[in-house]
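Novice: structure, please.
(chains A and B)
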Amino acid sequence: MTIRSDEAAATLAEIERVVAKVKQSRVYRTTALITIVWGVVNLARGILVALWPAAFGPRWFLADLFGVAATIASLWKLPTRGGRFPVRFLAAFAIVYSFGWIWSHVIGQFGSREAAAFWPMLFLLGFAIAGLLFGWILTAIGIGLAALVIAGYLWSGGAFALWQAAVTGFGFIACGLWMRRS
Amino acid sequence: MNDGPDEVIHQPVRLKIMAALTALDPSEEGLDFTRLKKLTAATDGNLGAHLDQLARAGYVEATKAFVGRRPRTTVKASAPGRAAFARHVAFLKAIIAGA
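Specialist: Below you'll find the model as predicted:
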């Protein structure tokens, strides 16, 4: 069998394309898992706070603590390269969360409606930017869900909490499932 | 040893299969049949035939299991398969370097 140099170059390019696709699917798989976990957390938190505001309004952070614990547990169980814990995913999550906390508590003085719009949009910004590096689906999810959050903030009136529960709950779960299939 | 192409690996579908499987770490569980089908754009029968050929050469190992009620075939590159693929890539690079 004789292989010309242009054939060899084309074959190597094909190998690179397949390897990039496998790496992208690994990113999607990890992100999908975290997205689904937070979709469930957001949905549960949103419904509890909307239906029983007196009981769950001041305790919304319990859902977030559960979400952080579930994120770490899920990442722990995920088979990864070299069997290592995906520290970079957790570090990215911690960095975004820290920036958000500083903006919302130190620099900005957000009301509850603003905070409810700000936090998902902050993480969706991360999705939109990560998509430019890892795959267009993340960008589509980031921009699409952020547009729905803005629409709810502007026009949903008193139903904003339920709107957010649907967008960041069902929306995240649906997007996570979409990523898993991609 | 870069004295020639690996004829088992060089076929386009088998090349894609090996590229995908060797992109994973040996500690990872491998890729399932459905994912491989998507990556190679092959049909069920075609992919199965190429996997058989790679398995006969000792380059891949397939594991069949049930997830719930659904059968699931997971394929992994063997150590000789990884070495053969690395040699084939080195051979291709040598052709380009020598051109």
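Novice: could you report the neighbour count for B:Thr73?
Specialist: 16 (other C-beta atoms under 10 Å in any protein chain shown). C-betas here are computed from N, CA, C, even on glycine.
Novice: again, but for A:Ala44
Specialist: The burial count for A:Ala44: 16, using other C-beta under 10 Å.
Novice: ok, and the closest non-adjacent residue to it?
Specialist: A:Ala63 (6.0 Å; C-beta to C-beta, 6 or more residues apart in numbering or on different chains).
Novice: which elements pack onto the helix or strand harbouring that neighbour?
Specialist: Assigned by DSSP states H and E, A:Ala63 belongs to helix A:60-77. Applying 3 or more C-beta pairs under 8 Å, 6 or more residues apart in numbering or on different chains; DSSP states H and E, we find helix A:60-77 packed against helix A:5-51, helix A:87-101.
Novice: buried deepest among those, which one?
Specialist: Neighbour counts (mean count of other C-beta atoms under 10 Å in any protein chain shown) averaged over each of the helices and strands packed on helix A:60-77 peak at helix A:5-51, with a mean of 18.
Novice: A:Gly171 versus the residue sitting nearest the centre point of chain A, what's the distance?
Specialist: Centroid-nearest residue in chain A, with C-alpha atoms, centre = their mean: A:Thr35, separated by 4.5 Å. Using C-beta to C-beta, to the nearest Å, one obtains 9 Å as the distance from A:Thr35 to A:Gly171.
Novice: and if you look at A:Arg88?
Specialist: Distance, A:Arg88 to A:Gly171, by C-beta to C-beta: 25 Å.
Novice: quick one: buried residues of the helix holding A:Ala63?
Specialist: Neighbour-count burial for helix A:60-77 flags A:Trp60, A:Ala63, A:Gly67, A:Val68, A:Ala70, A:Thr71, A:Leu75 (criterion: 16 or more other C-beta atoms under 10 Å in any protein chain shown).
Novice: and the third one, what is it in contact with?
Specialist: Contact criterion C-beta atoms under 8 Å, 6 or more residues apart in numbering or on different chains gives A:Val37, A:Trp38, A:Val41 as the residues in contact with A:Gly67.
Novice: quick check: the last one touching A:Ser74?
Specialist: No. Under the criterion of C-beta atoms under 8 Å, A:Val41 makes no contact with A:Ser74, lying 11.5 Å away.
Novice: where does the prediction get shaky in the chain?
Specialist: If you meant another chain, say so; for now it's chain A. A:78-84 (pLDDT under 70).
Novice: that answer is for a different chain, and I need it for chain B
Specialist: Short version for chain B, where the test is pLDDT under 70: B:1-3, B:99.
Novice: near chain A, which residues of chain B are found?
Specialist: B:4-5, B:7, B:10, B:12, B:15-16, B:19-20, B:23-25, B:27-29, B:31, B:35, B:39, B:89, B:92-93, B:95-96, B:98-99 (C-beta under 8 Å from any C-beta of the partner chain).
Novice: now with 6 Å, please.
Specialist: Neighbours of chain A within chain B, by C-beta under 6 Å from any C-beta of the partner chain: B:5, B:16, B:19-20, B:23, B:25, B:27-29, B:39, B:92, B:95-96, B:99.
Novice: buried subset of these, written for PyMOL?
Specialist: Buried residues among the residues of chain B next to chain A (16+ other C-beta under 10 Å), as a PyMOL selection:
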select buried, chain B and resi 5+16+19+20+23+28+39+92+95
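Novice: which pair of the residues of chain B next to chain A spans the longest distance?
Specialist: B:Glu29 and B:Ala99 (39.0 Å; C-beta to C-beta).
Novice: how many neighbours does the residue lying closest to A:Leu43 once chain neighbours are set aside have?
Specialist: Distances taken as C-beta to C-beta, 6+ apart place A:Gly169 nearest to A:Leu43, at 2.6 Å, with adjacent residues excluded. With neighbours defined by other C-beta under 10 Å, the count for A:Gly169 comes to 21.
Novice: cheers, nothing more for now.
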